[in-house]
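Engineer: After the sequence you'll find the predicted model.
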There are 2 protein chains.
Amino acid sequence: MADDLDGAGRVSRGDGARQRMLAAALAVLDEAGLAGFTMEAVARRAGASKATLYRRWPTTGALLVDAMDATYRPFPAPDTGSVTKDVTQILTAFVTLLERTPFPRLLAAFIDAAERDPALSKLHTDLTNRRREPLLTVLERGRARGELGPDTDPELTTDLLTSPFFYRHFVAHRPIPRRMVPDVVRRVLEPLR
Amino acid sequence: MADDLDGAGRVSRGDGARQRMLAAALAVLDEAGLAGFTMEAVARRAGASKATLYRRWPTTGALLVDAMDATYRPFPAPDTGSVTKDVTQILTAFVTLLERTPFPRLLAAFIDAAERDPALSKLHTDLTNRRREPLLTVLERGRARGELGPDTDPELTTDLLTSPFFYRHFVAHRPIPRRMVPDVVRRVLEPLR
DNA sequence: CGCTAACGGTACGATAGCGTTTCGATGGAG
DNA sequence: CTCCATCGAAACGCTATCGTACCGTTAGCG
């Protein structure tokens, strides 16, 4: 997160500067939340001028959209030959991510923002769909191999597999025990054979 | 929610004034989010003086805690004699609540706030636990009646039943079709017989 | 009733962010 | 090496909120 892209006193331009500002935006959102997400704060954090920020993004909302969009990292769908193993692997990686700041605080701020700004809502939908893809792929493969029944609904199954962990962290605020992943996988996948 | 406790121009005191300010706090949080949740805004909305607000709550965080605490309304656990019917009834009521503002926007702001303030985090946990109780009760009764297997885990089952709807609304930002409730109930409950 | 604590309204200086402008410095392509 | 688009820094007037203080008013208890 704390990227010193350049040596002391030196300053990057063009795309380098853009990346630096986006990283700073995420850091601010993480630490101060949506309430503290201001152009001034991002400029300070990035060691940038407010003018440079306004040159690229007319509003804090536009900046937030680009910053969150930059957080997406493609996650390859595993292919061990077993649906259970594949799903367990994906969910374990997800739980790890959920336990490590800054991701959860970032997501919490984004959930609040998306509830009020249509542009952010759409972006959040897109990002979520991209994140769902590996799980969907794995489930489809499992169905094709006959590991899961032909009437399996991959969309609903993905919801059932993913949502409990969101819920635990953001709503119930309870720790996620390690064995919860296999428990959920068993409860959701077993009846589908 | 919108309580006009008094006629025009008249002003309530003591607990009446307190209720009026809490209602105003929720209205502000709903409309402006956590970022716009200020003492000034709440005072304006309540038709109250800032001094009166500061007299009761030293910080916006303390006010937010009391305001959210006031949103809780006990929900009696249904008892139709059938676990499936009971659960369906509770989840249907919940989905209805989830689709009607101000509740979801309120909850979104609160999720963000709770991620940063330990006092709010604890309150959120308490509120969530109280909201879970009816579902837990219904599941326990179903297990006692033998409708559900003796090794049923009510806590995990509650997570599995509730979380998909949170997820749909706050994360995936997709509509919740009416048939999703019975679908989820069937998928989660049927294997437990 | 009458009295008093609680209230609304207002003003205060202080701080912070807004959105814009100006100016001097410097990177990096040609 | 040259040159100019891009950048950082700073200052601008403006508005909003902060937290506190001091009024005049009044609700509601005794």
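Structural biologist: On my side now, so go ahead.

Engineer: is chain B contacted by the longest helix along chain A?
Structural biologist: Ranked by residue count under DSSP state H, the longest helix found in chain A is helix A:118-145. Yes - judged by C-beta under 8 Å from any C-beta of the partner chain, helix A:118-145 and chain B are in contact via A:Ser121, A:His124, A:Thr125, A:Thr128, A:Asn129, A:Arg132. C-betas here are computed from N, CA, C, even on glycine.

Engineer: Could you do stretch A:151-159 as well?
Structural biologist: Yes - judged by C-beta under 8 Å from any C-beta, stretch A:151-159 comes into contact with chain B at A:Asp153, A:Leu156, A:Asp159.

Engineer: Ok, stretch A:169-180 next?
Structural biologist: Yes - counting by C-beta under 8 Å from any C-beta, chain B is contacted by stretch A:169-180 at A:Phe170, A:Val171, A:Ala172, A:His173, A:Arg174, A:Met180.

Engineer: One more: stretch A:93-109?
Structural biologist: Yes - using C-beta under 8 Å from any C-beta, stretch A:93-109 reaches chain B at A:Pro104, A:Arg105, A:Ala108, A:Ala109.

Engineer: before we move on, the earlier item: in CSV: the residues of stretch A:169-180 next to chain B, plus pLDDT and neighbour count.
Structural biologist: Converted to CSV, the residues of stretch A:169-180 next to chain B look like this (pLDDT from 0 to 100; neighbours: other C-beta atoms under 10 Å in any protein chain shown):
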residue, pLDDT, neighbour count
A:Phe170, 94, 25
A:Val171, 92, 23
A:Ala172, 89, 22
A:His173, 89, 19
A:Arg174, 87, 15
A:Met180, 96, 18
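
Engineer: out of these, which are inside helices?
Structural biologist: A:Met180.

Engineer: Which one of the residues of stretch A:169-180 next to chain B is nearest to B:Leu63?
Structural biologist: Using C-beta to C-beta, A:His173 comes nearest to B:Leu63 of the residues of stretch A:169-180 next to chain B, at 20.5 Å.

Engineer: And that closest one, how close does it get to DNA strand D?
Structural biologist: Here A:His173 is placed at a distance of 25 Å from DNA strand D (C-beta to the nearest atom of the strand, to the nearest Å).

Engineer: was I right about that residue contacting B:Thr125?
Structural biologist: Yes - under the criterion of C-beta atoms under 8 Å, A:His173 makes contact with B:Thr125 at 4.5 Å.

Engineer: My guess is A:Thr71 contacts A:Leu26. True?
Structural biologist: Yes - the criterion here is C-beta under 8 Å, and A:Thr71 meets it with A:Leu26 at 6.7 Å.

Engineer: Distance-wise, check A:Leu34 relative to B:Leu64.
Structural biologist: Computed as C-beta to C-beta, to the nearest Å, the A:Leu34 to B:Leu64 distance reads 14 Å.

Engineer: more neighbours, those two?
Structural biologist: For the pair A:Leu34 and B:Leu64, the greater number of neighbours falls to B:Leu64 (25 against 21), based on other C-beta atoms under 10 Å in any protein chain shown.

Engineer: Which of the helices or strands spans that one?
Structural biologist: According to DSSP states H and E, B:Leu64 maps onto helix B:60-69.

Engineer: In space, what's closest to A:Lys50 - neighbours in sequence excluded?
Structural biologist: Leaving aside its chain neighbours, A:Lys50 sits nearest to A:Ala43 (4.7 Å; criterion: C-beta to C-beta, 6 or more residues apart in numbering or on different chains).

Engineer: A:Ser82 now?
Structural biologist: Leaving aside its chain neighbours, A:Ser82 sits nearest to A:Glu147 (7.4 Å; criterion: C-beta to C-beta, 6+ apart).

Engineer: can you pull the contacts of the one you found?
Structural biologist: Contacts for A:Glu147 were tallied using C-beta atoms under 8 Å, 6 or more residues apart in numbering or on different chains; they are A:Ser82, A:Val83, A:Arg193.

Engineer: Please state the backbone phi and psi of the first one?
Structural biologist: Yep, that's A:Ser82 we're talking about. Main-chain torsions, A:Ser82, degrees, to the nearest 10: phi -120, psi 120.

Engineer: Send over stretch A:98-107 as CSV, restricted to the C-alpha atoms.
Structural biologist: C-alpha atoms of stretch A:98-107 as CSV (Å, rounded to 0.1, in the frame of the first residue of the first chain):
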residue,chain,number,x,y,z
LEU,A,98,-11.7,-10.8,4.6
GLU,A,99,-9.6,-11.0,7.8
ARG,A,100,-6.9,-8.8,6.5
THR,A,101,-7.2,-5.0,6.5
PRO,A,102,-7.5,-2.9,4.5
PHE,A,103,-9.9,-5.0,2.4
PRO,A,104,-12.9,-5.2,4.8
ARG,A,105,-12.9,-1.6,5.9
LEU,A,106,-12.6,-0.6,2.2
LEU,A,107,-15.5,-2.7,1.3
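
Engineer: buried stuff in that stretch?
Structural biologist: A:Leu98, A:Pro104, A:Arg105, A:Leu106, A:Leu107 (16 or more other C-beta atoms under 10 Å in any protein chain shown).

Engineer: Helix or strand: which one has the first one?
Structural biologist: With elements delineated by DSSP H and E, A:Leu98 resides in helix A:83-99, which encompasses its position.

Engineer: and if you look at A:Thr71?
Structural biologist: Going by DSSP H and E, A:Thr71 is not in any helix or strand.

Engineer: what residues are up against it?
Structural biologist: A:Thr71 makes contacts with A:Leu26, A:Leu106, A:Leu127, as judged by C-beta under 8 Å, 6+ apart.

Engineer: Quick check: the last one vs DNA strand C, distance?
Structural biologist: Put plainly, it is A:Leu127. Going from A:Leu127 to DNA strand C by C-beta to the nearest atom of the strand gives 24 Å.

Engineer: If anything else comes up later, I'll come back, but that's it for now.
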